[in-house]
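Enquirer: give the three-dimensional model of this entry:
(one chain, ligands or ions: 1)
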Amino acid sequence: MLTASVIGCGHGGGLSLDAVSNCSSYVLIAAADPSDDARKRVADRFPDARLFADYREMLVERRADVVCIATPAPSHASIAREVLHYNPKGLLLEKPLACDVSTAAELLREIREAACPVVVPHGMLVLPAAQEIKVRIRRGDIGAITSVEVHNAVDLLNAGIHWLAYLLDVFDNDNPGIANAEFDASGHVVNDGVQVESRGVTRIEFESGLCIDLHSGCQTEPTSDVLLSEEQRGALFRVTGSNGVIEFSAWAGSYWIQVGKSDGELIKRPLPVGLSYHQIFLEQLALNITGREFVDSSANLSLAALQLIESAYQQHSDSEWALGVPAP
Ligand SMILES: NC(=O)c1ccc[n+]([C@@H]2O[C@H](COP(=O)([O-])OP(=O)(O)OC[C@H]3O[C@@H](n4cnc5c(N)ncnc54)[C@H](O)[C@@H]3O)[C@@H](O)[C@H]2O)c1
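Expert: Below is the predicted model of the structure:
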């Protein structure tokens, strides 16, 4: 049994708190958040966890084997560095690793130097439907892939990073670059403490010629003709191949596939009831800690996705409202 603690108890931290308490290989011993409301919510749900307003105090008083960091992005790297001083056996670090690539890359280097297994819970890397789609795309079930369109609900840095980490994994034998990126930041959106676009289109072109178009913004469109509305959860993906199409939404447990002249079929691959993707990542981390073969690549994919996002954001020329930087 591994002991675990959580730093930052908002939405993302809640996913870790639930997952830790549902995992058979972990016991939740502590959580930290400066917000009285957040700590009250945790106290109500997890009465056995010791709560701290200051995570530094928690690190000294209640050392855990695994620490989950789910604070706003600008603080990830500095908190992770402090946690590393206490030699944890493993880390769950929320995306993005940092707001910029050089900080994120340096942090990953330090984590590796400390020989500390780390997971970054990008759900699509473990969700059954998304993983089956990956296998089918790679196997050529819909022929050679000609385009991928993602109609995103929010911004690249907070949500697009999930979709990119997944697509970089799917097309891992190809080399991507930003072909074009156009953003509208006039809405001045701050998400996770970081300035992001209100709308945008980013084209990623691979060496093979494959293009991915990511539409970020506040509306997910177009509405799929084939996926039921309850199947549309998060961004909508359409992967077009020389012999078919796959359509799916990011967090849904199903996908629609049409091959050749067939009518197409809806295939359901939901997560087992009661299981979350944070749980899957934590179980994988436990395997890593006990040295049982599993090698995680989620942190590398997260960094590679951040590299693309940073290049895209650098094409944004409005110097008064830079993208991807912490809000003042
Ligand atoms: N992997 C996922 O699917 C997923 C989903 C949601 C959020 N997230 C990530 O979780 C992180 C937090 O996002 P959120 O949506 O939970 O935000 P949130 O605003 O709901 O929660 C952030 C919490 O962190 C606390 N906090 C701030 N500074 C802190 C500090 N120094 N020490 C301890 N706690 C501190 C805040 O008081 C707040 O309760 C982000 O990095 C986000 O990208 C990931």
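Enquirer: hey, let's count contacts and neighbours off CA atoms from now on
Expert: Noted.
Enquirer: and the pLDDT for V189?
Expert: The model reports V189 with a pLDDT of 89.
Enquirer: so how far is L156 from it?
Expert: Separation of V189 from L156 (CA to CA, to the nearest Å): 12 Å.
Enquirer: same thing with P74?
Expert: If you go by CA to CA, the gap between P74 and L156 works out to 16 Å.
Enquirer: start to end distance for stretch 245-256?
Expert: Termini of stretch 245-256 sit 8 Å apart (CA to CA).
Enquirer: higher neighbour count, V189 and L156?
Expert: Shown here are V189 and L156; by other CA atoms under 10 Å, L156 has more neighbours (31 against 18).
Enquirer: got the contact list for the more buried one?
Expert: V196, E197, S216, I309 (CA atoms under 8 Å, 6 or more residues apart in numbering).
Enquirer: how about the first one: what's its closest non-neighbour residue?
Expert: Spatially, and ignoring its direct neighbours in sequence, V196 is nearest to L323 (5.0 Å; CA to CA, 6 or more residues apart in numbering).
Enquirer: hey, what's in contact with both of V189 and L156?
Expert: Joint contacts of V189 and L156 (CA under 8 Å, 6+ apart) are V196, E197.
Enquirer: distance from the strand or helix carrying A165 to the middle of the chain?
Expert: Assigned by DSSP states H and E, A165 falls within helix 161-170. Counting by CA atoms, centre = their mean, to the nearest Å, helix 161-170 is centred 9 Å from the centre of its parent chain.
Enquirer: cool, stretch 247-256 as well?
Expert: Chain-centre distance of stretch 247-256: 16 Å, with CA atoms, centre = their mean.
Enquirer: now do stretch 66-86
Expert: Distance of stretch 66-86 from its chain centroid, counting by CA atoms, centre = their mean, is 16 Å.
Enquirer: repeat for stretch 79-97
Expert: 16 Å.
Enquirer: for it, which positions count as buried?
Expert: By 16 or more other CA atoms under 10 Å, the buried positions in stretch 79-97 come out as 79-80, 83-84, 88-97.
Enquirer: need the residues that contact that stretch.
Expert: Under CA under 8 Å, 6+ apart, the answer for stretch 79-97 is 12, 59, 63-71, 73, 76-77, 104, 107, 111, 114, 116-122, 157-158, 161, 282, 285-286, 289, 299, 302-303, 306.
Enquirer: near the ligand, which of the residues you listed show up?
Expert: G12, A70, T71, A73, P121, H122, N158 (CA under 6 Å from any ligand atom).
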